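S.K.: how would this look folded up:
(3 chains)
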Amino acid sequence: MAGRRQVAGGGPFSLDRIAAAIGCRIADSGHGGRLIEDVATLETAGPEHLGFYDHPRYREVLAATRAGAVVLAESHVHLAPAGTACLISSEPYRAFALAAAAFHPEVRPPPGIAPGAHIDPTALLGAGVHVAPGAVIEAGVSIGAGSVIGPCAVIGAEVALGEGCHVGAHASLYHCRLGDRVRVYPGARIGQDGFGFVPDRHRHLRMPQLGRVIIGNDCEIGANSTIDRGSLGDTVIGDNVWIDNLVQIGHNVRIGRGAILVAQVGIAGSSRIGEFARLGGQAGIAGHLTIGPGASIAAQSGVATDVPAGETWFGTPAQRSQTSFREIVLLRRLARRREN
Amino acid sequence: MAGRRQVAGGGPFSLDRIAAAIGCRIADSGHGGRLIEDVATLETAGPEHLGFYDHPRYREVLAATRAGAVVLAESHVHLAPAGTACLISSEPYRAFALAAAAFHPEVRPPPGIAPGAHIDPTALLGAGVHVAPGAVIEAGVSIGAGSVIGPCAVIGAEVALGEGCHVGAHASLYHCRLGDRVRVYPGARIGQDGFGFVPDRHRHLRMPQLGRVIIGNDCEIGANSTIDRGSLGDTVIGDNVWIDNLVQIGHNVRIGRGAILVAQVGIAGSSRIGEFARLGGQAGIAGHLTIGPGASIAAQSGVATDVPAGETWFGTPAQRSQTSFREIVLLRRLARRREN
Amino acid sequence: MAGRRQVAGGGPFSLDRIAAAIGCRIADSGHGGRLIEDVATLETAGPEHLGFYDHPRYREVLAATRAGAVVLAESHVHLAPAGTACLISSEPYRAFALAAAAFHPEVRPPPGIAPGAHIDPTALLGAGVHVAPGAVIEAGVSIGAGSVIGPCAVIGAEVALGEGCHVGAHASLYHCRLGDRVRVYPGARIGQDGFGFVPDRHRHLRMPQLGRVIIGNDCEIGANSTIDRGSLGDTVIGDNVWIDNLVQIGHNVRIGRGAILVAQVGIAGSSRIGEFARLGGQAGIAGHLTIGPGASIAAQSGVATDVPAGETWFGTPAQRSQTSFREIVLLRRLARRREN
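M.R.: Here you go, the predicted model:
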């Protein structure tokens, strides 16, 4: 945001240049030379800012904005104030994200090992790796080029990271292998023993946990989330999986490419989540289940059976959303009728 | 508690002095000279202890207590045993809290920077700041007078803390600004990137996260809780907000003064929680909603619509509690009738 | 798993020796001399591996396995392929766990204090204790023989650990006392202040938190779980309690021996969980309740009343499972009928 010391912006850019970079057309080409310094919300933007609009909830905010330019759909151009240049896109939010990235290229700390990092001499660090103070890197670790290990992060013995990874402060990684460009947020826990034991009235017997966690490329592992190592096989997270904060993933779970797990989701052991499935916040998946590709589980649902591909489920126990909502509506109707 | 080395008590005090300090009246003024050494539960208290009573659940415990004195309402004085002096209060729990604070003044570690702390030379530390071993303080940080930075805590670049703050072990603070007397518990995560991206079948596109977290005065941020930085605008926590453990607060959320968030609550992006609202444990609030001032959301509720000020809601999807309970009762009745 | 550098196996062993060690009988005694190198899943096992079978879900996997041997019930021997030796057990999973432990004896790091650990000179460390880099051990701590303190773990003043404990990376322990052989997973938070205050429209008044956390022998405290210290009395965890990841335990909670708490469970202040009770994932227990010994609370349930010993409860608000399911079934039937 403008005026904040901590953000190094890439601008200013002319509207022509922005439009070309993000694949938009300028509604009034006379505005092409206008200089934009940064992105901003429509509420806080001034003439030097680019905003975006894609939800009728913010229609009045758009009408009142002072933004120099706005990204929006062609059908909404008439809603913008006269002074605001319009960048037309069929996907305004996507185009805006590209613009924001242009103004705010990711800043990586300079290569090197900070004083106060503890690195085992057998660890292999690729070119340009940054290790922050207090980080601990154990024996046999390998870290790909350009990766960043944050302050007080712990990388356990034999762990392998690909290139361009970012491990946040206080994250701990054990018994795992990460692909390229994986971002592990602060306090995430990867590869500790799972919850495996044989119940016993005398004393529960621990089941040794022997597997790993395998994480693909371009994943995000949210703050304070936990991913247990496999018990015999491995826990596997496919490419481009996005995991929010405080998510629990049990041993031997397998998550397909592009799946999205919102905050506080819990997945019990050995369940499989299909490609591009979406699990809403606080949803829970019981063990040994299969959630089909593209399925969508509503927030707080409790899933106790397999879910077919592409379906939307809701409730505890979860079922097809339309079935759940039909029951909710019926109960409300019955209760109201009884009241009257 | 008496006999524990780690607690430095402020007593003993006479009952007269305690009564004056906490705004109580002694039922039998002849007890005013009695010396009290510490607070305790009614169950474990001896003649040297002060207890309190404010719930009929503990009526028998009160009758059997050996406590030297008890704080309670005037109407309950007759329930106390003969040997126990009564301190009368219209708010017994509040009065007892004041007494407990008098016996147990907060102990802060001595000012100074421990060996093994990593502090960037550009950081500004106020008078009397304590920094524990293993803490990491990055460039441009400013920390107000009398603040305590716990062991292995990480304070990211440009973060600003007010006076008298306490940052617990392993907490991480980035892109944020805290008021005075904020207590951040161990492992809390403040200011990391939020869950922002443009979904895409090819590869989800990251939305740069550019905002901050602004926290007011006298807040508590519970252990292992997570508060994401704003995406464009800021995430804002008002004064005197109490946040319990393992709570998730998404980007751009705004929480009003005095709100109370019990453990494992989750608030999705851009929602607003009104002043003095209360969210029960494990409750979830969907994105872009408004919870009115003074509203109360029951534990485990899933809120999918705005909630008016002052109302009590329950259920998933949440509605007014009386409506929810009416439906629950109706369904129970129908099921029982069918059974018979 | 075979071929992974990081695991030091105890084998190979002959089938005869394994059978004797885990209390099994070999179906065809001619196989007793066969050498087994490791345990594995039936899917990935080769002739040098031992697998196990105990659920019909995996019947086809058993029929197709290449495992050298399998542990299973006598009644399932006919399901195994001809080349696979059968170890017969009345408790196959238990026997397999014993075998896995024999092949994978727990590896503890060598005794000693790593450079970069911060240990107060008044701390008492028993024989054979290992302290990893970045760990912080404060004044008056005592740590029993053979315990392991992981990287960047923080052990607060006066904390006492028994023998053979394992404290994971970034765990923080304050105001607590642990028995023997307790395993604290990475990022667990033990003994911080609980959520105690007197609500107030002006400013919430903190209730000083003065108690401890007392943990018995042979407990597991999962990754990023949080256990608050008692307010006046103590929070108490009995022997052999298993706590999964991201679990919240409020102040003054008491948990009986052998209880099992699955991930993301939350228990509000002062509730009591009986011996060998089981709380399913994401279940929530309100404050001041009693869950009887051996009771079972289904995943995601919200318990608002006491639960008698040995019963199985489900739902929000929770009730006996059979009652909850009867209502669910009735509602589904009514909604379907209405639809037709």
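S.K.: make it CA atoms for all contacts and neighbour counts henceforth
M.R.: Noted.
S.K.: where in the stretch 1-150 of chain A is pLDDT low?
M.R.: Scanning the stretch 1-150 of chain A for pLDDT under 70 picks out the ranges A:1-9.
S.K.: which parts of it sit against chain C?
M.R.: Within reach of chain C by C-alpha under 8 Å from any C-alpha of the partner chain, the stretch 1-150 of chain A has these residues: A:116, A:118, A:134, A:136.
S.K.: check contacts around the third one.
M.R.: Neighbour list for residue A:134: A:116, A:117, A:118, A:151, A:152, A:153, B:134, B:136, B:152, C:134 [criterion: C-alpha atoms under 8 Å, 6 or more residues apart in numbering or on different chains].
S.K.: the third one contacts residue A:132, doesn't it?
M.R.: Meaning residue A:118. No. Between residue A:118 and residue A:132 there is no contact under C-alpha atoms under 8 Å: 9.8 Å.
S.K.: using CSV, list the CA coordinates for stretch A:193-209.
M.R.: C-alpha atoms of stretch A:193-209 as CSV (Å, rounded to 0.1, in the frame of the first residue of the first chain):
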residue,chain,number,x,y,z
ASP,A,193,4.3,-39.0,14.2
GLY,A,194,0.6,-39.5,13.5
PHE,A,195,-2.0,-40.6,16.0
GLY,A,196,-1.4,-44.3,15.7
PHE,A,197,-1.9,-46.8,18.5
VAL,A,198,-3.6,-50.0,19.5
PRO,A,199,-6.2,-49.1,22.2
ASP,A,200,-5.6,-51.1,25.4
ARG,A,201,-7.3,-51.1,28.8
HIS,A,202,-3.8,-51.6,30.4
ARG,A,203,-1.8,-49.2,28.3
HIS,A,204,-2.3,-48.1,24.7
LEU,A,205,0.4,-49.6,22.5
ARG,A,206,2.1,-47.2,20.1
MET,A,207,2.1,-48.1,16.5
PRO,A,208,5.5,-47.0,15.1
GLN,A,209,5.1,-44.3,12.5
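S.K.: residues contacting the closest residue to residue A:79 other than its chain neighbours?
M.R.: Residue nearest to residue A:79 in three dimensions, not counting chain neighbours: residue A:63, with 6.1 Å by C-alpha to C-alpha, 6 or more residues apart in numbering or on different chains. Residues near residue A:63 by C-alpha under 8 Å, 6+ apart: A:79, A:80, A:81.
S.K.: now residue A:63: which helix or strand?
M.R.: helix A:59-64 (DSSP states H and E).
S.K.: tell me the first helix or strand C-terminal of that helix.
M.R.: Next element after helix A:59-64 (DSSP H and E): strand A:69-72.
S.K.: how far away is the residue in the stretch 151-300 of chain A that chain B sits nearest to from residue A:165?
M.R.: Chain B sits closest to residue A:244 of the stretch 151-300 of chain A, with a gap of 6.1 Å, by C-alpha to the nearest C-alpha. Counting by C-alpha to C-alpha, to the nearest Å, the separation of residue A:244 from residue A:165 is 17 Å.
S.K.: nearest to chain C: which residue in the stretch 201-340 of chain A?
M.R.: Counting by C-alpha to the nearest C-alpha, the stretch 201-340 of chain A gets nearest chain C through residue A:207, at 5.0 Å.
S.K.: what is the neighbour count of that residue?
M.R.: For residue A:207, the neighbour count with other C-alpha atoms under 10 Å in any protein chain shown is 22.
S.K.: what about it, distance to residue C:24?
M.R.: 17 Å.
S.K.: in contact with the residue most central in space within chain A, which residues are there?
M.R.: Compute the mean C-alpha point of chain A, and by C-alpha atoms, centre = their mean the closest residue is residue A:242, 3.8 Å away. By C-alpha under 8 Å, 6+ apart, the contact set of residue A:242 is A:219, A:220, A:221, A:258, A:259, A:260, A:261.
S.K.: likewise for residue A:314?
M.R.: Residue A:314 is in contact with A:297, A:298, A:299, A:301, A:302, A:320, A:321, A:324, counting by C-alpha under 8 Å, 6+ apart.
S.K.: phi, psi of it?
M.R.: phi -150, psi 150 (degrees, to the nearest 10).
S.K.: the one 5 residues further on too?
M.R.: Here is the backbone geometry of residue A:319 (degrees, to the nearest 10): phi -150, psi -180.
S.K.: give me the secondary structure label for the closest residue to it other than its chain neighbours.
M.R.: Nearest residue to residue A:319, sequence neighbours excluded (C-alpha to C-alpha, 6+ apart): residue A:313, at 5.1 Å. Classification of residue A:313 using DSSP: H, G, I helix; E, B strand; the rest coil returns strand.
S.K.: what count of nearby residues applies to residue A:313?
M.R.: Residue A:313 has 25 neighbouring residues, counting by other C-alpha under 10 Å.
S.K.: that one reaches residue A:305, doesn't it?
M.R.: No. If you go by C-alpha under 8 Å, residue A:313 and residue A:305 don't touch, sitting 10.8 Å apart.
S.K.: wait, a strand at residue A:50?
M.R.: Yes. Assessed by three-state DSSP, residue A:50 belongs to a strand.
S.K.: now do the SS call for residue A:20.
M.R.: Residue A:20 is classified as helix under three-state DSSP.
S.K.: and the nearest residue to residue A:12 once chain neighbours are set aside, backbone torsions?
M.R.: Spatially, and ignoring its direct neighbours in sequence, residue A:12 is nearest to residue A:37 (4.2 Å; C-alpha to C-alpha, 6+ apart). Taking degrees, to the nearest 10, you get phi -100, psi -30 for the backbone angles of residue A:37.
S.K.: and residue A:37, what is it in contact with?
M.R.: By C-alpha under 8 Å, 6+ apart, the contact set of residue A:37 is A:2, A:11, A:12, A:13, A:48, A:49, A:103.
S.K.: what's around residue A:79, how many residues?
M.R.: Neighbour tally, residue A:79, other C-alpha under 10 Å: 14.
S.K.: my read: it touches residue A:58, true?
M.R.: No. Taking contacts as C-alpha under 8 Å, residue A:79 lies outside contact range of residue A:58: 10.7 Å.
S.K.: circling back: hmm, the residue of the stretch 151-300 of chain A closest to chain B is touching residue A:262, no?
M.R.: Yes. Applying C-alpha under 8 Å, one finds residue A:244 in contact with residue A:262, separated by 5.1 Å.
S.K.: what ranges does the stretch 1-150 of chain A have for its helices?
M.R.: A:15-22, A:59-64, A:92-103 (DSSP state H, counting those that start in this stretch).
S.K.: just the ones you listed: most buried one?
M.R.: When the helices of the stretch 1-150 of chain A are scored by mean count of other C-alpha atoms under 10 Å in any protein chain shown, the highest mean neighbour count falls to helix A:92-103 (a mean of 22).
S.K.: still on that earlier bit, who wins on neighbours among the residues of the stretch 1-150 of chain A next to chain C?
M.R.: residue A:134 (32 neighbours).
S.K.: for the residue of chain A found nearest chain B, give me its contacts.
M.R.: Nearest residue of chain A to chain B: residue A:97, at 5.0 Å (C-alpha to the nearest C-alpha). Residue A:97 sits next to B:198, B:205, B:206, B:207, B:208 when contact means C-alpha under 8 Å, 6+ apart.
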